[in-house]
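In: need a 3D model of the sequence below.
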Amino acid sequence: MPLPTPNKGEKRSEFIDRCMVDLSTKKEFKDNKQRAAVCHSQLKKAAAKASVVDWNSWNDQDIFYYFSD
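Out: As a prediction, this is how the structure comes out:
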């Protein structure tokens, strides 16, 4: 099964929440720590490919990733 990836304009916190739920329902990774590590790894890979990274300076959870088509 493919691993979740962030959607264009999706907040970091929203992606992590969505990814954790997705991985738990597929039962690919049984441990919460393992799911969190996979989700953060996916986010790191996506951030490296993002065309634009934008954030709210008041809240470091409000990081948005934008990808060129």
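In: can you list the buried residues in the longest helix along the chain?
Out: Ranked by number of residues, the top helix in the chain under DSSP state H is helix 32-49. Under the neighbour-count criterion of 16 or more other CB atoms under 10 Å, helix 32-49 has Arg35, Val38, Cys39, Gln42, Leu43, Ala46 buried. For the C-beta atoms, the positions are set from N, CA and C on the backbone; glycine is no exception.
In: of all those, which comes closest to Lys8?
Out: Using CB to CB, Ala46 comes nearest to Lys8 of these, at 10.1 Å.
In: grab the nearest non-local neighbour of that closest one.
Out: Sequence neighbours aside, Pro6 is the residue nearest to Ala46 in space, at 4.7 Å (criterion: CB to CB, 6 or more residues apart in numbering).
In: may I have the secondary structure class of the one you found?
Out: Secondary structure for Pro6, judged by DSSP: H, G, I helix; E, B strand; the rest coil, is coil.
In: can you count the residues close to it?
Out: The number of residues packed around Pro6, counting by other CB atoms under 10 Å, is 26.
In: any idea how far it is from Lys27?
Out: Distance check for Pro6 against Lys27: by CB to CB, to the nearest Å, it reads 22 Å.
In: so where's the chain uncertain?
Out: Low-confidence segments of the chain (pLDDT under 70): 1, 55-61, 69.
In: run the last query once more with 50
Out: Of all residues in the chain, none has pLDDT under 50.
In: ok, and what's touching stretch 25-37?
Out: Stretch 25-37 is touched from outside by Met1, Ile16, Cys19, Met20, Leu23, Ser24, Val38, with contacts defined as CB atoms under 8 Å, 6 or more residues apart in numbering.
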